[in-house]
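Student: Build me a model:
(chains A and B)
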Amino acid sequence: MNGDVLPDADHVTRLCGFTQLNEDGIPEGSAFVLKPGETFLSVNWIESLGLGARPEQIAEVLRVLGTKRKVGATAKLGLLNVGRSRVAVREGTTDRLEVSFVHEPENKTPIDSSHSGIYDLPLSDGDITAAEQLALSVSELFPTRYAL
Amino acid sequence: MMNATAEYPTEGRRYRQVRQNVDVGTTVAQVASGQAQAQTVHGLRHQILRLPKTRGCARVPTSVTTDNSFQTTRNVSAFSELDALRSDDSVIQAVLTGLRHASPIQYRDRLATRLEQLLAAYKEDSDGHVFSADSLRGLIVFLEGARFLRYPAVTLTRGGDIYASWKRGSDHVFSAQFLKTQQVRFVIFRPNLQNVGQSDQLSGLTTPQSLPSMISHLNVSDWAAE
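Tutor: Modelled structure (predicted):
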């Protein structure tokens, strides 16, 4: 439901474009820096989809993202555990930054029911420590041409 | 008429990019004859900007003669805007040419190729917009002052800043975001030398000229050097 805080045990995916992936295809901190004017970083809460297995969850996220925007063939979905990411940011920033993962479903066409946001990140030209910690928290990567 | 071509390597394949003057000329003619409405001019501008970049640049007239003075003013404005946006790309290409041919950075060719890849991809993702030339200059100024560092992982923020990173595992990290303001945000993670199991996290904002001496004092070169 809109505004729900995501449980620490759950997971989100972040779409990382070609320009945010290094030459080994790994997302860098640049994938987690806010764009000017943004107040949160868009992610998808995969457990909210109600699909059992990870492959189905990833395929559904990619299907939905494809209805909203162009998803490049070289982009990747990075998987993050909510709790571990929050701890990494808190323990890895000097001011013990508390980021929050909040459900922000988009119910108007194109519908994105699992859309969520990472809030309380520094602004686009602010400290990059949290962005770097989030990049290091990516536990799995999925190509956008993911096949079940 | 001159056709200019350029080839940019991308993930496992190569583009052949071509710009034809005739496309631009047709657009100019349409606008000059007053057939194009403002909205169309905007659309054409968009279309032109998405044309591949070349080094032998086709020129678009900055003034157009018509019998309608209002139309002329509007056209001149549209072309000025076009030139301004196109020149952004030209500035980046000029900086990259300087990097390839005049920079003392040892891995300059590899870096220039990577930046060309990023430029092409960023334009594709951003409706023809280019990343920040000032950010690019900041990166080069920094790297020329920190030639002890190995080749970095170079990426872009979605806002168009260049982001360079050096890592060894997850406990040795040095990353820098080169801002449009000609400043640089940086962060360093490293193990604490006095307390096993503890780590240091250092971050700040400085200029690309000052950052090399800062990281030198923080011994980044111990693990991020060639």
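Student: Confirm A:Arg14 sits in a strand?
Tutor: Yes - checked against DSSP: H, G, I helix; E, B strand; the rest coil, A:Arg14 lies within a strand.
Student: Okay, and the beta partners of it?
Tutor: For A:Arg14, the beta-bridge partners under DSSP bridges are A:Gly78.
Student: That one contacts A:Ala31, doesn't it?
Tutor: Yes - A:Arg14 sits in contact with A:Ala31 when judged by C-beta atoms under 8 Å, with a separation of 6.5 Å. (C-beta placed from N, C-alpha, C; glycine too.)
Student: Looking at those two now, which is surrounded by more residues?
Tutor: In this view A:Arg14 and A:Ala31 are compared by other C-beta atoms under 10 Å in any protein chain shown, and A:Ala31 has more residues nearby, 26 against 23.
Student: tell me, what's touching A:Arg14 and A:Ala31 both at once?
Tutor: A:Gly78 (C-beta atoms under 8 Å, 6 or more residues apart in numbering or on different chains).
Student: Any idea how many residues pack against the closest residue to A:Asn81 other than its chain neighbours?
Tutor: Nearest residue to A:Asn81 in three dimensions, chain neighbours excluded: A:His11, at 5.5 Å (C-beta to C-beta, 6 or more residues apart in numbering or on different chains). Applying other C-beta under 10 Å, we find 23 residues neighbouring A:His11.
Student: Tell me where chain B has helices.
Tutor: B:21-32, B:38-49, B:69-102, B:108-125, B:133-145, B:211-217, B:221-224 (DSSP state H).
Student: Could you do chain A as well?
Tutor: A:54-68, A:82-92, A:129-136.
Student: Out of those helices, the one nearest chain B is which?
Tutor: Across the helices of chain A, chain B has its closest neighbour in helix A:129-136 (4.8 Å, C-beta to the nearest C-beta).
Student: Now that closest one: average pLDDT?
Tutor: Across helix A:129-136, pLDDT averages out at 97.
Student: For that helix, which outside residues touch it?
Tutor: A:14, A:27-33, A:80, A:85, A:88-89, A:92-94, A:97, A:99, A:118, A:121-122, B:170, B:173, B:175, B:187, B:189, B:201, B:203.
Student: between it and helix A:82-92, what angle do the directions make?
Tutor: Put simply, helix A:129-136 runs at 140 degrees to helix A:82-92, going by axes from the mean of the first three to the mean of the last three C-alpha atoms, to 10 degrees.
Student: pLDDT below threshold where in the chain?
Tutor: Looking at chain A here, since you left the chain open. A:146-148 (pLDDT under 70).
Student: The intended chain is chain B.
Tutor: B:1-88.
Student: for chain A, what are the nearby residues on it?
Tutor: Proximity of chain B to chain A (C-beta under 8 Å from any C-beta of the partner chain) is limited to residues B:11, B:114, B:118, B:121-122, B:124-125, B:153-159, B:161, B:163, B:165, B:170, B:173, B:175, B:177, B:179, B:181, B:185-187, B:189, B:201, B:203.
Student: Filter the residues you listed down to the buried ones.
Tutor: B:114, B:118, B:121-122, B:125, B:153-159, B:161, B:163, B:165, B:173, B:175, B:177, B:179, B:185-187, B:189, B:201, B:203 (16 or more other C-beta atoms under 10 Å in any protein chain shown).
Student: Buried residues, stretch A:115-123. List them.
Tutor: Buried residues in stretch A:115-123 (16+ other C-beta under 10 Å): A:His115, A:Ser116, A:Gly117, A:Ile118, A:Leu121, A:Pro122.
Student: likewise stretch B:191-208?
Tutor: So for stretch B:191-208, counting by 16+ other C-beta under 10 Å, buried means B:Gln201, B:Leu202, B:Ser203, B:Pro208.
Student: Correct me if wrong: the second one contacts B:Leu218.
Tutor: Think B:Leu202. Yes - with contacts counted by C-beta under 8 Å, B:Leu202 reaches B:Leu218, the gap being 6.6 Å.
Student: Mind listing the shared neighbours of these two?
Tutor: Jointly contacting B:Leu202 and B:Leu218 under the rule C-beta under 8 Å, 6+ apart are B:Ile188, B:Arg190.
Student: residues in contact with the closest residue to B:Arg168 other than its chain neighbours?
Tutor: The spatially closest residue to B:Arg168, leaving aside those adjacent along the chain, is B:Trp223, at 4.8 Å (C-beta to C-beta, 6+ apart). Going by C-beta under 8 Å, 6+ apart, B:Trp223 touches B:Arg168, B:His172, B:Arg190.
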